[in-house]
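K.L.:
Got a predicted structure plus its sequence, pasted below:
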Amino acid sequence: RLSLITEHEVRWSGEHRYAVRFSGPELSPADGVGFVLHRRLPCPRNIQKIHSTFVSTRGFLCCRTGQNVDRQTVGLPNLEIGRLIVVTVNVDEAW
C-alpha cells in the first residue's frame, strides 16, 4: 500500500525541509521514505506513475522513473523504527 503526505500546493522554487519518523511495530521490506516529483496535486496513487527519489529500508538511495528504479551507489544507514529522516530539497537546483 502506498501512503502519501501532500501539501496544498506544488513547490516551484526555494529550499524545503521535510521530516518523518517511523513508528512500530516493524518496517516491511517495501517501506521507504522519499520525495515525489509531480506537476499537480494530488499525484497518482499508482507507484509506477510516480517520479521520485527515495531511501529503501536497507539504506539504498533510489530514483524511480515510472516502472524503472535505479539504485545509486550511495548507501545510507538502514531505516529503523524511531529514526528521524530529514529530506531537504532545493527546487531551484533540481532542474
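P.N.:
Nice, I can see it. Numbering: from 1, shown residues only.

K.L.:
Please count neighbours and contacts with C-alpha atoms only from this point.
P.N.:
Fine.

K.L.:
what bits of the protein have low per-residue confidence?
P.N.:
Screening the chain residue by residue with the criterion pLDDT under 70, one finds the ranges 1-4, 37, 41-44, 95.

K.L.:
Spell out for me which residue occupies the centre of it.
P.N.:
Gly34 (0.9 Å; C-alpha atoms, centre = their mean).

K.L.:
Skip the chain neighbours and tell me the closest residue to the most far-flung residue of the chain relative to its centre.
P.N.:
In the chain, counting by C-alpha atoms, centre = their mean, Pro25 sits farthest out from the average C-alpha position, at 20.9 Å. Counting by C-alpha to C-alpha, 6 or more residues apart in numbering, Pro25 lies nearest to Ile81, which is 7.7 Å off, once chain neighbours are set aside.

K.L.:
residues near the one you found, how many?
P.N.:
Applying other C-alpha atoms under 10 Å, we find 12 residues neighbouring Ile81.

K.L.:
And the next helix or strand past the helix or strand hosting His16?
P.N.:
When elements are assigned from DSSP states H and E, His16 belongs to strand 15-21. Once strand 15-21 ends, the next helix or strand along the chain (criterion: DSSP H and E) is strand 32-37.

K.L.:
Strands of this protein, residue ranges please.
P.N.:
Taking DSSP state E to define them, one finds strands in the chain at 15-21, 32-37, 51-56, 60-65, 68-75, 84-90.

K.L.:
Just put the ones you listed in TSV and tack on distance to Arg45.
P.N.:
Rendered in TSV, the data for the strands of the chain read as follows (distance: least, C-alpha to C-alpha, whole Å):
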stretch	distance to Arg45
strand 15-21	20
strand 32-37	11
strand 51-56	12
strand 60-65	14
strand 68-75	17
strand 84-90	21
